[in-house]
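Enquirer: The following block contains a protein sequence and its predicted model.
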Amino acid sequence: EAGVAQSPRYKIIEKRQSVAFWCNPISGHATLYWYQQILGQGPKLLIQFQNNGVVDDSQLPKDRFSAERLKGVDSTLKIQPAKLEDSAVYLCASSLRFGGVNTGELFFGEGSRLTVL
Amino acid sequence: AQTVTQSQPEMSVQEAETVTLSCTYDTSESDYYLFWYKQPPSRQMILVIRQEAYKQQNATENRFSVNFQKAAKSFSLKISDSQLGDAAMYFCAYKRIQGAQKLVFGQGTRLTINP
């Protein structure tokens, strides 16, 4: 079974530029998460989707960050304009259904590392 | 809000020895999941072990076991017979069963294995 796919793996941009990250979850997984992981810290949830709908975006900086999940499959996370403090690894994860089937487990991609200069 | 605290930023252990990583959490829920995730330098998070709060028996997965103390809100990970491949960041995480079910992570513990 293919895992969670993310691209690009690495991105370097100047501040005030824009960037987009793409995630393809495991086939059949209804719930998709975007986490931000700043160096030396634990991941922090940015947004959680259940199929097409947003379940939790309380920690998403909506003035600059946006995310969508069209057709309940792939998702894109966009940052515009980027700030220096956005330098981080952006992790995408998915689970089978709301809460995961009997396990609660999330499956993670390898992440997209963003450097803002 | 639920919080997870890992008080050991770094730990080291000799190969083949045993090491214990600590984790405490705060919640008002009675049913939840607790996890330990491993993050090797490649950055992909991998589930190590999972504990359901309603289960009194501590979870075990081969060389990995937990000490779950529900009343104390403590969830430590014991790695026996440490191997070089165990070197990684380890994150303790909490997840509600009801409602919005995001995974809340601790700050992580960097584990080094000395040959």
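Expert: Perfect, I can see it now.

Enquirer: Surely residue B:52 is in contact with residue B:30?
Expert: No - using C-beta atoms under 8 Å, residue B:52 makes no contact with residue B:30, being 11.6 Å away. Placement of C-beta: from N, CA and C, glycine included.

Enquirer: Mean pLDDT per helix and strand in chain A: which one sits at the bottom?
Expert: For chain A, using mean pLDDT, DSSP states H and E, the weakest element among its helices and strands is strand A:53-56, scoring a mean of 90.

Enquirer: List the pairing partners of the following helix or strand past that strand within its sheet, with orientation.
Expert: The helix or strand immediately downstream of strand A:53-56 is strand A:65-68, counting by DSSP states H and E. If you go by DSSP bridges, strand A:65-68 pairs up with strand A:75-79 (antiparallel).

Enquirer: what lines up beside the helix or strand just after the partner strand in the sheet?
Expert: Downstream of strand A:75-79, the next assigned helix or strand under DSSP H and E is strand A:88-95. Note on strand A:88-95: by DSSP bridges, its sheet partners are strand A:31-37 (antiparallel), strand A:107-108 (antiparallel), strand A:112-116 (antiparallel).

Enquirer: Mean pLDDT for these - can I get that in a markdown table?
Expert: As requested, these are arranged in a markdown table below (pLDDT from 0 to 100):
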| stretch | mean pLDDT |
| --- | --- |
| strand A:31-37 | 95 |
| strand A:107-108 | 93 |
| strand A:112-116 | 97 |
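
Enquirer: higher neighbour count, residue B:52 and residue B:30?
Expert: Each of residue B:52 and residue B:30 has its neighbours counted (other C-beta atoms under 10 Å in any protein chain shown); residue B:52 has more, 16 against 10.

Enquirer: my guess is residue B:58 contacts residue B:69, does it?
Expert: No - the criterion here is C-beta under 8 Å, and residue B:58 misses it with residue B:69 at 9.5 Å.

Enquirer: Compare these two (neighbour count), which wins?
Expert: Taking neighbours as other C-beta under 10 Å, residue B:58 and residue B:69 compare with residue B:58 leading, 15 against 12.

Enquirer: so what pLDDT did that one get?
Expert: In this prediction, residue B:58 carries a pLDDT score of 95.

Enquirer: Okay, the residue nearest in space to the middle of chain A and residue A:109: tell me how far apart.
Expert: Geometric centre of chain A, nearest residue: residue A:34, 2.6 Å, by C-alpha atoms, centre = their mean. Distance, residue A:34 to residue A:109, using C-beta to C-beta, to the nearest Å: 10 Å.

Enquirer: which strands and helices sit next to the helix or strand hosting residue B:49?
Expert: Secondary structure assigned from DSSP H and E places residue B:49 in strand B:46-52. Using 3 or more C-beta pairs under 8 Å, 6 or more residues apart in numbering or on different chains; DSSP states H and E, the elements in contact with strand B:46-52 are strand B:32-39, strand B:60-61, strand B:64-69, strand B:74-79.
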